[in-house]
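Enquirer: next input, structure requested:
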Amino acid sequence: MPNSHPPSVLGKAKLLLSAFDGNRPTLGLTDLSRRSGIPKATAYRLAQELVELSLLDRVADGYQLGWRMFELGQLVPGPANLRRLARPALLDLHSVTKAAVHLAVRDGHDSLLLERLAGRRDTRMSTAAGMRMPIWFSASGKLFLAHSPEAEHTMSLLDQGQVTPRTRHSVKTSKQLRAQVASIRDRSWAEEHEECVEGYRTYAVPITLGGPLQVVAAVSVTLDVSRRDDQQAVRALWAVGADISRTLQSSLGHVPPVGVRLAS
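Expert: Numbers count the residues shown, from 1 in each chain. Okay, here's the model as predicted:
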């Protein structure tokens, strides 16, 4: 039975902070109240306190997440270790492919981007570290689904009207997605064609820890649909995924493990 008690002050602060996303980095008080579900007067009072704590910044058009949020985010042990270990290989991948490169982990029904490397040609892709992509449409998300014990339930949400397609190319039924996931299980890599951003296609391979089925993260390359060097990009992607997996495994004696939980 859901908890009917009103959220605590800390819970309300979490709702306010969670109202921000990659598409709305700045929110006015009215939008902040509406998106968080907190009454406007309470939202104003809490927002002012969060500004004093540098967790929010007050700007001309409303509020933005503060620098202290960014600083604390960089200290989360699992993602911080993974980003540090993976970054040299990701830089090499971006240099070789001249494509947008992403490092992602699963968080609920989203692929959470821990890192993004891209050039000026990829400005149409409004992705950034910290953004979330729906698990049903992203290449990394499809990869996580293929290794998830709850895959069937998650895919069934497509048939229940609970998922909004991102583009006209996005998968729309569990039957369509189930066929994609079956292919991923056979070949161990994933792809999506214009399901997240029109004009781009993405390939993803797993980062594993402790065995080929222990997928803790995914690395991907996103190419403009006009490019014709997919095979070369995927070969480079595989090499980098294997390299990061080896580096992660060898690091266990030196830093805390990222933990399989990140892609559960």
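
Enquirer: dump the residue contacts of residue 169.
Expert: By CB atoms under 8 Å, 6 or more residues apart in numbering, the contact set of residue 169 is 193-195, 198. From N, CA and C alone the C-beta is placed, and that goes for glycine too.

Enquirer: let's see that with 10 Å instead.
Expert: In this structure, residue 169 makes contact with 137, 192-198, 201, judged by CB atoms under 10 Å, 6 or more residues apart in numbering.

Enquirer: arrange those residues in a markdown table, one row each, with neighbour count and pLDDT as further columns.
Expert: Listed next are the contacts of residue 169 as a markdown table, based on neighbours: other CB atoms under 10 Å; pLDDT from 0 to 100:
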| residue | neighbour count | pLDDT |
| --- | --- | --- |
| 137 | 24 | 97 |
| 192 | 28 | 97 |
| 193 | 13 | 97 |
| 194 | 17 | 96 |
| 195 | 26 | 97 |
| 196 | 24 | 94 |
| 197 | 22 | 91 |
| 198 | 13 | 92 |
| 201 | 20 | 95 |
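
Enquirer: which of those fall in strands?
Expert: 192-193, 201 (DSSP state E).

Enquirer: out of the contacts of residue 169, who's nearest residue 214?
Expert: residue 192 (23.0 Å; CB to CB).

Enquirer: backbone dihedrals for the nearest residue to residue 16 once chain neighbours are set aside, please?
Expert: Nearest residue to residue 16, sequence neighbours excluded (CB to CB, 6 or more residues apart in numbering): residue 36, at 5.0 Å. Dihedral pair for residue 36: phi -90, psi -20, per degrees, to the nearest 10.

Enquirer: and the helix or strand harbouring residue 35, average pLDDT?
Expert: Using DSSP states H and E, residue 35 maps to helix 29-36. Helix 29-36 shows a mean pLDDT of 93.

Enquirer: tell me the buried residues in the helix or strand just after it?
Expert: Counting by DSSP H and E, the next helix or strand C-terminal to helix 29-36 is helix 40-52. By neighbour count with 16 or more other CB atoms under 10 Å, helix 40-52 contains the buried residues 43, 46-47, 50.

Enquirer: can you get me the start-to-end distance on stretch 101-114?
Expert: 11 Å (CA to CA, to the nearest Å).

Enquirer: ok now that stretch, how far from the chain's centre?
Expert: 3 Å (CA atoms, centre = their mean, to the nearest Å).

Enquirer: for stretch 111-127, same thing?
Expert: How far stretch 111-127 lies from its chain's middle: 11 Å, per CA atoms, centre = their mean.

Enquirer: adjust the sequence numbering to begin at 9 for everything that follows.
Expert: Right, with 9 as the first residue, what we last looked at is stretch 119-135.

Enquirer: pLDDT of it, averaged?
Expert: pLDDT averaged over stretch 119-135 gives 78.

Enquirer: so which bits of it are buried?
Expert: 119-126, 130, 133, 135.

Enquirer: can you say which two of those are spatially most distant?
Expert: 120 and 130 (19.4 Å).

Enquirer: ok, so of the buried residues of helix 48-60, who is nearest residue 99?
Expert: residue 58 (34.8 Å).

Enquirer: can you tell me the closest non-neighbouring residue to the closest one?
Expert: residue 64 (4.1 Å).
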